[in-house]
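Asks: missing the sequence, but the structure's below:
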């Protein structure tokens, strides 16, 4: 789990760097990609199927899921990665 946490933290830093470079390319206009935009860039069909699934199977949670998809990509991935790293961090050994 610690390896997964490290991969998520590195992915968040990569996404943050991509947003910073895009902002510089646009002349200083701040650009932040949402988690949904990152997912759509990777595989738009799976995002569409996921949204349809949430809408039909869990309609009471649809608004919360859509709100989570609007969070900045680096923020969601990074925070979850840090939480996993904290939970599964090194435990002090028994001496």
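Replies: Received the coordinates, thanks. All values reported here derive from a predicted model rather than from experimental measurement.
Asks: only C-alpha atoms for contact and neighbour calcs from this point on.
Replies: Noted.
Asks: can you list the domains in this protein?
Replies: 1-33+73-95, 34-71 (automatic domain parsing).
Asks: Comparing those domains by mean pLDDT, which bottoms out?
Replies: When the domains of the chain are ranked by mean pLDDT, domain 1-33+73-95 comes last with a mean of 89.
Asks: on that earlier part again, now that we have the domains of the chain, can you turn them into CSV and tack on mean neighbour count?
Replies: Shown next, in CSV, are the domains of the chain (neighbours: other CA atoms under 10 Å):
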stretch, mean neighbour count
domain 1-33+73-95, 15
domain 34-71, 14
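Asks: And the next helix or strand past the lengthiest helix in the chain?
Replies: Secondary structure of the chain read by DSSP state H shows that its longest helix is helix 2-25. Downstream of helix 2-25, the first helix or strand assigned by DSSP states H and E is helix 35-42.
Asks: Residues in contact with the next helix or strand after that next one: which ones?
Replies: Later in the chain than helix 35-42, the nearest helix or strand by DSSP H and E is helix 44-57. Helix 44-57 is contacted by residues 36, 39-40, 61-62, 65 when judged by CA atoms under 8 Å, 6 or more residues apart in numbering.
Asks: For residue 55, give its distance to residue 86.
Replies: According to CA to CA, to the nearest Å, residue 55 stands 33 Å off from residue 86.
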